[in-house]
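Student: here is a sequence with its predicted model. Questions after.
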Amino acid sequence: MTYQESVWDDSPSLKSYTLSNFRDLPHIQNLSEEKQFEMEVVGNVLPFKANNYVVEQLIDWNNIPTDPMYVLTFPQRGMLKPEHYSKMENTLKNTSDKKEIANVANEIRLQLNPHPAGQMELNVPTLKDGTKLYGMQHKYKETCLFFPSQSQTCHAYCSFCFRWPQFVGMDEMKFAMQEGEQLVQYVSEHPEISDVLFTGGDPMIMKAKMFSKYVDALIEAKLPNLKTIRIGTKALSYWPYKFLTDSDSQEMLEVFKKITDNGIHLAFMAHFNHLNELSTDAVKSAIKEVRKTGAQIRTQSPLLAHINDDAEMWAKMWTKQVQLGCIPYYMFVVRDTGAQHYFGVPLVRAYEIFSQAYSSVSGLGRTVRGPSMSATPGKVQVVGTTEFDGEKLLVLRFLQGRNPDWVKEPFFAKYDENAIWLDDLKPAFGDKFFFEDELTTHPKTLQYIKNDAMLINDS
Ligand SMILES: *Cc1c(COP(=O)(O)O)cnc(C)c1O
Ligand code: SF4
């Protein structure tokens, strides 16, 4: 097969590779049976889906097993902790009963902090009539997140993804809402909202017809507060044909144009983890098509060990994004769920990588902010290190806060080279961070919904 040669004007159709058929891939058959079994063990717990574009054009099969796109999409042994790995390994060796395997998988998943930052209950908004909107999150004043029920999947799955409970059939954990009507109602009841962010999964998995239903509802309601529609998507990276040759590609681009023609900004939040994702003819053409509609593409990615923990790569990636007309926006710290032990990069190291990359790109690339943790109290950026009274400190600040006032001032933590998340940090002064009293209980509990209502719904 001449994998590297296929080009986008072939109009390929999407072919998925999952646990059930990945062994059909010739590249996988080249790996030892032991390696294939390892993938099966991990893939039974964490979500696993690749596709023909990823396999044929993004992964460099001469660079296995360290190729970043391979690690991003194919399960690796280290992604499960040894005790979880052996549990699933033994189960697979002892039974082929699907139910039993699924039970063990769910048992392990529940130990992986499946809804970090209290996502499940903490940010669920309600309409004035009391209806709970499980398909939405409203954490920061100006922006509400909308999870269309049709977008609970993606063109391929990222092995680090914290949305994984949505993909593995733990149904009660899905946030999904049936209709756009409630979305419109909520935005109209909340004049402080200027941005609606479509997310998922990947909303660009939706057919244009479905997506336009939601968009039309928003446009027709003529909500004076609605200034921006954002789409959080990895389709440019995993399936650029969505904007090139898929049967609804032109229709989708027309929906984008309709948004911008109606005076609403379309912020296309593109998820790119590696420079290699920006290398194909297909992605370059797709970026051009999306930009032609008047949409502005902004880019974001977490910093991931084994995939992109390399300052030079980030600098090249941001420079390439600027060259292609995209605006670098966020570098995230990988969050405390799933395989954080595998992908996690200590905060001090994350700051070094960020600042080294940031200082070596043109000012047009320095629109990016990070490294940022999306933690329970908000998005917390590591700003740098400093010294006070002979003691080394980390300087932090809120980029977004559950309480908007929190973004106003920097705060300090004791310097800790091993900390990988906000929870690991100790306050530099006093025994609490300034925001902790408002959060009242331990960040991992879900008991402060009352507080949340105070801070968000009545803001
Ligand atoms: C990041 C994020 C947003 C958007 O924040 P911006 O800084 O405006 O990009 C909104 N809601 C949630 C829950 C987020 O994590
Ligand atoms: S594309 Fe986004 S939602 Fe989908 S698996 Fe990757 S990170 Fe998760």
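Tutor: In hand now; what should we look at? Numbers count the residues shown, from 1 in each chain. Ligands and ions are numbered 1, 2, ... in the order given.

Student: where does the stretch 151-300 of the chain get nearest to ligand 1, which residue?
Tutor: Residue nearest to ligand 1 within the stretch 151-300 of the chain: residue 197 (6.0 Å; C-beta to the nearest ligand atom). (C-beta placed from N, C-alpha, C; glycine too.)

Student: hang on, that residue in a strand?
Tutor: Yes - counting by DSSP: H, G, I helix; E, B strand; the rest coil, residue 197 falls inside a strand.

Student: now for it: which residues touch it?
Tutor: Listed by C-beta atoms under 8 Å, 6 or more residues apart in numbering, the contact set of residue 197 reads 143-146, 230-232, 269.

Student: which of the residues you listed sits closest to ligand 2?
Tutor: residue 232 (7.5 Å).

Student: check which helix or strand the closest one maps to.
Tutor: Taking DSSP states H and E as the definition, residue 232 sits inside strand 228-233.

Student: show me where the chain has strands.
Tutor: According to DSSP state E, the chain carries its strands in the segments 16-17, 50-51, 136-140, 143-146, 195-198, 228-233, 265-271, 296-303, 327-333, 369-374, 378-388, 391-401, 411-414.

Student: residue 241: which of the ones you listed is closest?
Tutor: Closest approach to residue 241 among the strands of the chain (C-beta to C-beta): strand 50-51, 10.3 Å.

Student: report the distance from the closest one to the chain centre.
Tutor: Distance of strand 50-51 from its chain centroid, counting by C-alpha atoms, centre = their mean, to the nearest Å, is 17 Å.

Student: surely residue 23 and residue 35 touch.
Tutor: No - Residue 23 is beyond contact range of residue 35, at 11.0 Å (criterion: C-beta atoms under 8 Å).

Student: got the domain ranges for the protein?
Tutor: Domains of the chain are assigned by automatic domain parsing as 3-112, 116-457.

Student: to ligand 2, which of these lies closest?
Tutor: Nearest to ligand 2, of all the domains of the chain, is domain 116-457, at 3.1 Å by C-beta to the nearest ligand atom.

Student: what about residue 11, distance to residue 233?
Tutor: Here the criterion is C-beta to C-beta, to the nearest Å. By it, residue 11 lies 21 Å from residue 233.

Student: rewinding a little: which of the strands of the chain has the lowest average pLDDT?
Tutor: In terms of average pLDDT, strand 136-140 trails the rest of the strands of the chain, at a mean of 91.

Student: elements contacting that strand?
Tutor: strand 143-146, helix 180-189, strand 391-401 (3 or more C-beta pairs under 8 Å, 6 or more residues apart in numbering; DSSP states H and E).

Student: repeat that for 6 Å
Tutor: On a contact count with 3 or more C-beta pairs under 6 Å, 6 or more residues apart in numbering; DSSP states H and E, strand 136-140 meets strand 143-146.

Student: how far does the strand it packs on sit from its chain's centre?
Tutor: Using C-alpha atoms, centre = their mean, the distance between the centre of strand 143-146 and that of its chain works out at 14 Å.

Student: and it with ligand 2, contact?
Tutor: No - against ligand 2, strand 143-146 shows no contacts by C-beta under 6 Å from any ligand atom, the least distance being 12.3 Å.

Student: name the surrounding residues that touch that strand.
Tutor: 136-138, 183, 193, 195-199 (C-beta atoms under 6 Å, 6 or more residues apart in numbering).

Student: and the chain, which residues reach ligand 1?
Tutor: Counting by C-beta under 6 Å from any ligand atom, the residues of the chain close to ligand 1 are 137, 139-140, 143, 145, 197, 374, 379, 399-400.

Student: the same query, at a cut-off of 8 Å, please.
Tutor: With C-beta under 8 Å from any ligand atom as the criterion, the chain meets ligand 1 at residues 123, 137-140, 142-145, 195, 197, 230, 269, 329-330, 374, 379, 399-400.

Student: just the buried residues from those, in PyMOL please.
Tutor: Of those, the buried ones go into a single PyMOL selection, burial set by 16 or more other C-beta atoms under 10 Å:
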select buried, resi 123+137+138+139+140+143+144+145+195+197+230+269+329+330+374+379+399+400
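
Student: tell me where the stretch 151-300 of the chain is predicted with low confidence.
Tutor: Confidence mapping of the stretch 151-300 of the chain against pLDDT under 70 gives the ranges 162, 164-165, 168-178.
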